[in-house]
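J.: Using only what follows, build the 3D model:
(2 chains)
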2 protein chains.
Amino acid sequence: MTTTLVSSAKREVRIGFDQPFCIIGERINPTGRKRLAEEMRSGDYSRVEADALAQIEAGAHMLDINAGIPLADEPRILAECIQLVQALTDVPLSIDSSIVAALESGLSVYQGKALVNSVTGEEERLELVLPLVKRYGAAVVAISNDETGISEDPDVRFSVAKKIVERAEDHGISRADVVVDPLVMPIGAINSAGCQVMEIVRRLREELKVNTTCGASNVSFGLPNRHGLNAAFLSMAIGAGMTSAITSPLHAETIQAVMGADVMMGHDPHCKRWMSRYRDPPTEGALTRERGRGGRARRRSV
Amino acid sequence: MTTTLVSSAKREVRIGFDQPFCIIGERINPTGRKRLAEEMRSGDYSRVEADALAQIEAGAHMLDINAGIPLADEPRILAECIQLVQALTDVPLSIDSSIVAALESGLSVYQGKALVNSVTGEEERLELVLPLVKRYGAAVVAISNDETGISEDPDVRFSVAKKIVERAEDHGISRADVVVDPLVMPIGAINSAGCQVMEIVRRLREELKVNTTCGASNVSFGLPNRHGLNAAFLSMAIGAGMTSAITSPLHAETIQAVMGADVMMGHDPHCKRWMSRYRDPPTEGALTRERGRGGRARRRSV
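T.: Next up is the predicted model:
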């Protein structure tokens, strides 16, 4: 029963085989969000703040923080966002960057035990990121690709994951602190993408005994009714043993698919959480709330 | 790759490991439907007709026909319903009764290869139902309980299923023609009900190599937001290898959970069926249709 413990100054969250599924809110990420990118670059973090609160209210257990804006001072912006979000909420954070200096800057201001997102199986990344993870006592997301790219062969992806887990142990990082991302490919392009993930997740759990995560919404890229497809994927991935996902909690179907799967896994004893959310369906009035400094209306879809 | 072939006079349906999930519409069943029971007893089959058409339009691949009305002439009513539904549609039927004479009456008028619902592991049932299945060249649902009741131990339920499959072979019925129902218990009462089903289904598929079915909605008995919970269950059961279910297709969430799971299993090449259903979301006007002889409005929820 592997458990990955992450924390803020005041709260611990457990990602684990016998725990409810951990939703890591993906929204604080300027990739593909032009307005957010411009605001973050100019030091306006009002949307970051609103996104943090909305995701937690919708059911996120952790938040991913990404400040990847081209030509911007990512280490500074990432650290500022982390400090802001930690002042606002007490959920643990995932510090998300492909720039090692930004990861370090984020870790240096973070209060608690963060999840570093991410390291890959590439030799250079392993030797840059893992010492950092060890130094700050963090946990780390291990993405199962390497110098050769992303294999369509589940065996290859599994063995890349295995290499990262073993290298982490060489660096003194317990495998309980490595959360493997088996890589979710768009099923519109690769028909076997769903089966691949389920097979790798089962092996990661049974053979490597590690926790898992993924960028769930990638599976539905380019297809209609994405939330419906993401919901089916999430329930099935949880059934296969996945223990967390970086995804948007702002859709009723996502939360329902995850909470329903928690019930099915026996991770919601007496269906207590399910009943408390669904016994009295929210009225239409409760669906619209004022959010954020600017008083923007935000639809609360759960 | 086990395939169970069922048919009407004009159409074949395959239940199988490499096939899209088979939805067997459960609505034509007077249990708990007082008005339907009264109508069926008095020979008014207008609701049976409407239910048949509505379920097929909503996405059912087969229909279950049950005429279990206390103190009524079940063999006659069941046969009449089957003839009526077969005159109206060409989907294959599941002939559903606990009375052997009713099964026989239904089989005697059925055109094609029916699914007999059901036999259990009880000695008397085995020796009454299996010869009938063999005589009419039908397929059969095998429910994994016996004289001792329904075990909470997945190993016991598996071994009851194994006994039925082997006994069917003794009667000359191929295991491809036995569709095992592992029995879905209400998860509000039994916290491990979901895990039990997924474990048994995996073993039935890998070890016994048989197709599977279940009364899916039983899992959510007594809980709020049943369709949401049923949806998560169905996606997960399909992920575990379940190949059909007796359930209501009249809920958008059920169809979405099944079709999404088909995509994830690689059973919807190029996501063609998913795209054709969801590319152009139905307009509000399309949701309400006139249905049935009496011109009753029926909400079409898919």
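J.: so where does the residue nearest the centre of chain A fall, helix or strand?
T.: When Cα atoms, centre = their mean is applied to chain A, the residue found nearest the centroid is residue A:246 (2.6 Å). Assessed by DSSP states H and E, residue A:246 sits inside strand A:244-247.
J.: tilt between the helix or strand that that strand is followed by and helix B:252-264?
T.: Under the assignment DSSP H and E, the closest C-terminal helix or strand after strand A:244-247 is helix A:252-264. Interaxial angle, helix A:252-264 versus helix B:252-264 (axes from the mean of the first three to the mean of the last three Cα atoms, to 10 degrees): 80 degrees.
J.: quick one: average pLDDT of helix A:252-264?
T.: On average, the pLDDT along helix A:252-264 is 97.
J.: buried ones in the next helix or strand after it?
T.: Next helix or strand after helix A:252-264 toward the C-terminus (DSSP H and E): helix A:272-278. Within helix A:272-278, the residues scored as buried using 16 or more other Cβ atoms under 10 Å in any protein chain shown are A:273, A:274, A:275, A:277, A:278. In this view, the C-beta of every residue, glycine as well, is placed from N, C-alpha and C.
J.: Give me the neighbour count for the spatially closest residue to residue A:209 that is not a sequence neighbour.
T.: Spatially, and ignoring its direct neighbours in sequence, residue A:209 is nearest to residue A:2 (5.3 Å; Cβ to Cβ, 6 or more residues apart in numbering or on different chains). Look at residue A:2: counted by other Cβ atoms under 10 Å in any protein chain shown, it has 20 neighbours.
J.: re earlier: check whether the residue nearest to the centre of chain A really touches residue A:218, as I assumed.
T.: No. In this structure, residue A:246 is not within contact of residue A:218 by Cβ atoms under 8 Å, at 9.8 Å.
J.: so what pLDDT did the closest residue to residue A:224 other than its chain neighbours get?
T.: Nearest non-adjacent residue to residue A:224, counting by Cβ to Cβ, 6+ apart: residue B:278, 4.2 Å away. As predicted, residue B:278 sits at a pLDDT of 96.
J.: And the helices in chain A, which stretches?
T.: Listed in chain order, the helices of chain A (DSSP state H) span A:34-41, A:46-58, A:74-88, A:100-109, A:123-135, A:154-170, A:193-203, A:226-240, A:252-264, A:272-278, A:284-287.
J.: average pLDDT across the shortest one?
T.: Helix A:284-287 shows a mean pLDDT of 44.
J.: Next: the second one.
T.: Rounded to a whole number, the mean pLDDT of helix A:46-58 is 98.
J.: Go through that helix and flag the buried ones.
T.: Quick answer for helix A:46-58 (16+ other Cβ under 10 Å): A:47, A:48, A:49, A:50, A:51, A:52, A:53, A:54, A:55, A:56, A:58.
J.: Pick the one among those closest to chain B.
T.: residue A:58 (15.6 Å; Cβ to the nearest Cβ).
J.: any idea how far chain B is from residue A:90?
T.: From residue A:90 across to chain B, the span is 29 Å (Cβ to the nearest Cβ, to the nearest Å).
J.: and if you look at residue A:214?
T.: 13 Å.
J.: Any idea how many residues pack against that residue?
T.: Other residues close to residue A:214 by other Cβ under 10 Å number 26.
J.: Ok, residue A:280 next?
T.: So residue A:280, with other Cβ under 10 Å, has 10 neighbours.
J.: So which bits of the stretch 101-250 of chain A are right by chain B?
T.: For the stretch 101-250 of chain A, the residues in contact with chain B (Cβ under 8 Å from any Cβ of the partner chain) are A:187-188, A:191-192, A:194-195, A:198, A:219, A:223-225, A:228-229, A:231-233, A:235-236, A:238-240.
J.: Just the buried residues of those residues.
T.: Judged by 16+ other Cβ under 10 Å, buried ones among those: A:187-188, A:191, A:194-195, A:198, A:219, A:223-225, A:228-229, A:231-233, A:235-236, A:238-240.
J.: dump the residue contacts of the residue nearest to residue A:209.
T.: The contact partners of residue A:2, by Cβ atoms under 8 Å, 6 or more residues apart in numbering or on different chains, come to A:16, A:17, A:175, A:176, A:209, A:210, A:211.
J.: how does it look with 7 Å?
T.: Residue A:2 sits next to A:16, A:17, A:176, A:209, A:210, A:211 when contact means Cβ atoms under 7 Å, 6 or more residues apart in numbering or on different chains.
J.: Excluding chain neighbours, give the residue nearest to residue A:131 in space.
T.: residue A:171 (6.3 Å).
J.: ok, now residue A:206?
T.: residue A:241 (7.7 Å).
J.: and if you look at residue A:190?
T.: In space, residue A:190 is closest to residue A:152, 6.7 Å off (Cβ to Cβ, 6+ apart).
J.: likewise residue A:192?
T.: residue B:266 (5.2 Å).
J.: same thing with residue A:17?
T.: residue A:1 (5.0 Å).
J.: Wait, that neighbour touches residue A:19, no?
T.: No. Residue A:1 lies out of contact with residue A:19 (Cβ atoms under 7 Å); the separation is 9.1 Å.
J.: These two: which is more packed in?
T.: When residue A:1 is set against residue A:19 and neighbours are counted by other Cβ under 10 Å, the residue ahead is residue A:19, at 19 against 7.
J.: just to revisit the earlier point, what is in contact with residue A:246 and residue A:218 at once?
T.: By Cβ under 7 Å, 6+ apart, residue A:246 and residue A:218 have no common neighbours.
J.: and residue A:237, what does it touch?
T.: Contacts of residue A:237 by Cβ under 7 Å, 6+ apart are A:197, A:198, A:201.
J.: Output those as CSV; include the columns pLDDT.
T.: Formatted as CSV, the contacts of residue A:237 follow (pLDDT from 0 to 100):
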residue, pLDDT
A:197, 96
A:198, 96
A:201, 97
